[in-house]
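In: Attaching a predicted model along with its sequence, questions to come.
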Protein chains: 2
Amino acid sequence: MTQSAKITSTDRRSDRTKAAILRAARERFAAQGYERTAIRAVASDAGIDPSMVMRYFGNKAQLFDAALAIDLRLPDLTGVPADRLAQALVRHFLERWEGDPADDALLVLMRSAVTNEQAAARMHEIFATQVAPALAAALGPEAAAQRAGLVSAQLLGLGLTRYLLRLPAVTALTPDEIERGLAPAVQAVLDPA
Amino acid sequence: MTQSAKITSTDRRSDRTKAAILRAARERFAAQGYERTAIRAVASDAGIDPSMVMRYFGNKAQLFDAALAIDLRLPDLTGVPADRLAQALVRHFLERWEGDPADDALLVLMRSAVTNEQAAARMHEIFATQVAPALAAALGPEAAAQRAGLVSAQLLGLGLTRYLLRLPAVTALTPDEIERGLAPAVQAVLDPA
DNA sequence: ACTGTAGGCCAACACGTGTTGACTTTCCAG
DNA sequence: CTGGAAAGTCAACACGTGTTGGCCTACAGT
């Protein structure tokens, strides 16, 4: 039977628009956050009718949830010498963000998580399943539990001030200056006095 | 003429409700951010009609602007020994925030500034007129310009993760633990390698 | 007692939102 | 060719929003 051929062809069609919706949604959520993003605008960006968004994703909250399927792609820190851990972390996030801050999932999440409970919950989840384990692998479980919070505070603080708030005093710095300035600070958190 | 007496009495009446509106607005903006705060809700909290809000503040944006008249009450850092600057800063913000995070103006501002241009602009202004000068007084002008950004990133990162996102790994720490962990890191930014 | 005015309320408008259901078009299997 | 399902459009509902203007009420000055 050629049913499989049929299925794939039709499924491909719908999957393509589904992907277009998701891409448009990510861009809007990133630029404006959850509340200010209108489904009509997402649909318009994707070149289809608003009702298609509902057909494929159910409702706005579920669309948001789908847009937040995130992989931070944290580097493997187990091979990094202990005294260069901080540098590796700072550099990784800088590289990630300098590319295109607007569509980086972590910044999308931050922008919405501040006013939206659903996004905040997802943030907790991302932290628990990705950030904490990566640090635990490098520092050992109990040390990581103590320090992962402050490290996150430092890195998210950078993302907040440079890419979301765009504080001039932070955007004025070059990536190199940030790495040189911030890496020792993060290292200070990793190595308790 | 007793006109002055008349004016003060009537003005007092209106000023009292005006203040009530402002108080309610600050609470709502703090808890929900700009977009999710409804004027009807503010009016209801203040025990008056929504149209009174318009009468006294013009529109929502101006109400928001009035709610953001903020004094960070930064401590005078000129007398603090250079090697204790970071500790003084971290402690100050912790004390400020541990009291009642919900109505601290800086957190109000952060919550809205991430999605609202007007709030972001105000944030830049607050930084330029309060944070930067306080650091300049302690570090000297050109050193402050270089490092104020990263110091702010670290302090706002703490506020973000602990009071807005409430990341468990950060809320689990006691204020003392945070001060011990973060002060050396902030000091590392203040003292370049 | 009378009157003007400031303080306040009510009802409504205009608009944007998420969401729904009925209708049309596309397109492929038989 | 043809039927039927998948993909997509259209128009509308129900609701919450910021905002407006007209009306009422209390009270201070004469």
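Out: Sure thing, it's come through. These numbers were taken from a predicted model, which means no experiment stands behind them.
In: Quick one: neighbours of the residue lying closest to residue A:63 once chain neighbours are set aside, just the number.
Out: The spatial neighbour of residue A:63 that comes closest, neighbours along the chain excluded (Cβ to Cβ, 6 or more residues apart in numbering or on different chains), is residue A:57 at 4.0 Å. Every residue, glycine included, has its C-beta placed from N, CA and C. For residue A:57, the tally of surrounding residues (other Cβ atoms under 10 Å in any protein chain shown) stands at 21.
In: now residue A:17: how far from DNA strand D?
Out: Counting by Cβ to the nearest atom of the strand, to the nearest Å, the gap between residue A:17 and DNA strand D amounts to 4 Å.
In: returning to that earlier point: so for the residue nearest to residue A:63, what pLDDT did the model give?
Out: At residue A:57, the pLDDT value in this model is 97.
In: how much space between it and chain B?
Out: For residue A:57, the distance to chain B equals 22 Å [Cβ to the nearest Cβ, to the nearest Å].
In: Equivalent analysis for residue A:91, please.
Out: Remark: distance between residue A:91 and chain B (Cβ to the nearest Cβ) = 15 Å.
In: With residue A:96 instead?
Out: 16 Å.
In: that older thread, ok, the residue nearest to residue A:63 - contacts?
Out: When contacts are counted by Cβ atoms under 8 Å, 6 or more residues apart in numbering or on different chains, residue A:57 touches A:21, A:63, A:66.
In: Who wins on neighbours among those?
Out: Neighbour counts for these were taken using other Cβ under 10 Å; the highest belongs to residue A:21, with 25 neighbours.
In: Got the confidence number for that residue?
Out: Per-residue confidence (pLDDT) for residue A:21: 97.
In: how about it, what does it touch?
Out: Residue A:21 sits next to A:42-43, A:46, A:48, A:52-53, A:56-57, A:63 when contact means Cβ under 8 Å, 6+ apart.
In: now, which of the residues you listed lie within helices?
Out: Among the contacts of residue A:21, the residues falling in helices (DSSP state H) are A:42-43, A:46, A:52-53, A:56-57, A:63.
In: which among those gets closest to chain B?
Out: Using Cβ to the nearest Cβ, residue A:42 is the member of these that sits closest to chain B, with 16.4 Å.
In: The closest one contacts residue A:56, doesn't it?
Out: No. With contact defined as Cβ atoms under 8 Å, residue A:42 does not count as touching residue A:56 (11.2 Å).
In: What degree of burial does residue A:118 show, as a neighbour count?
Out: Using other Cβ under 10 Å as the criterion, the residues surrounding residue A:118 number 14.
In: picking up where we left off before, could you export the ones in helices among the contacts of residue A:21 to CSV, including columns for distance to residue A:179?
Out: Below are those laid out as CSV (distance: Cβ to Cβ, whole Å):
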residue, distance to residue A:179
A:42, 36
A:43, 41
A:46, 37
A:52, 44
A:53, 41
A:56, 41
A:57, 39
A:63, 36
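In: Give the buried residues for the longest helix seen in chain A.
Out: Within chain A, and with DSSP H defining each element, the longest helix by residue count is helix A:3-36. Under the neighbour-count criterion of 16 or more other Cβ atoms under 10 Å in any protein chain shown, helix A:3-36 has A:17-18, A:20-22, A:24-30, A:32-34, A:36 buried.
In: Determine the angle, from 0 to 180 degrees, between it and helix B:3-36.
Out: Calculated by axes from the mean of the first three to the mean of the last three Cα atoms, to 10 degrees, helix A:3-36 forms an angle of 170 degrees with helix B:3-36.
In: follow-up on the earlier one: when residue A:42 and residue A:56 are compared, which one has more neighbours?
Out: With neighbours defined as other Cβ under 10 Å, residue A:42 and residue A:56 compare such that residue A:42 has more, 26 against 17.
In: Now do the contacts for the more buried one.
Out: Contact partners of residue A:42, counting by Cβ under 8 Å, 6+ apart, are A:21, A:24-25, A:28, A:53, A:63.
In: These: which two are farthest apart?
Out: Farthest pair in the contacts of residue A:42 (Cβ to Cβ) is A:28 and A:53. Separation: 11.4 Å.
In: How much space separates the nearest residue to residue A:65 once chain neighbours are set aside from DNA strand C?
Out: Of all residues not flanking residue A:65 in the chain, residue A:118 sits nearest, at 7.1 Å (Cβ to Cβ, 6+ apart). Per Cβ to the nearest atom of the strand, residue A:118 is found 12 Å from DNA strand C.
In: Repeat that for residue A:157.
Out: As for residue A:157, its distance to DNA strand C is 30 Å (criterion: Cβ to the nearest atom of the strand).
In: The stretch of helix or strand that residue belongs to - contacts with which helices or strands?
Out: Element membership for residue A:157 (DSSP states H and E) is helix A:141-159. With contacts defined as 3 or more Cβ pairs under 8 Å, 6 or more residues apart in numbering or on different chains; DSSP states H and E, helix A:141-159 has these neighbours: helix A:85-99, helix A:105-113, helix A:132-139, helix A:175-190, helix B:141-159, helix B:168-171, helix B:175-190.
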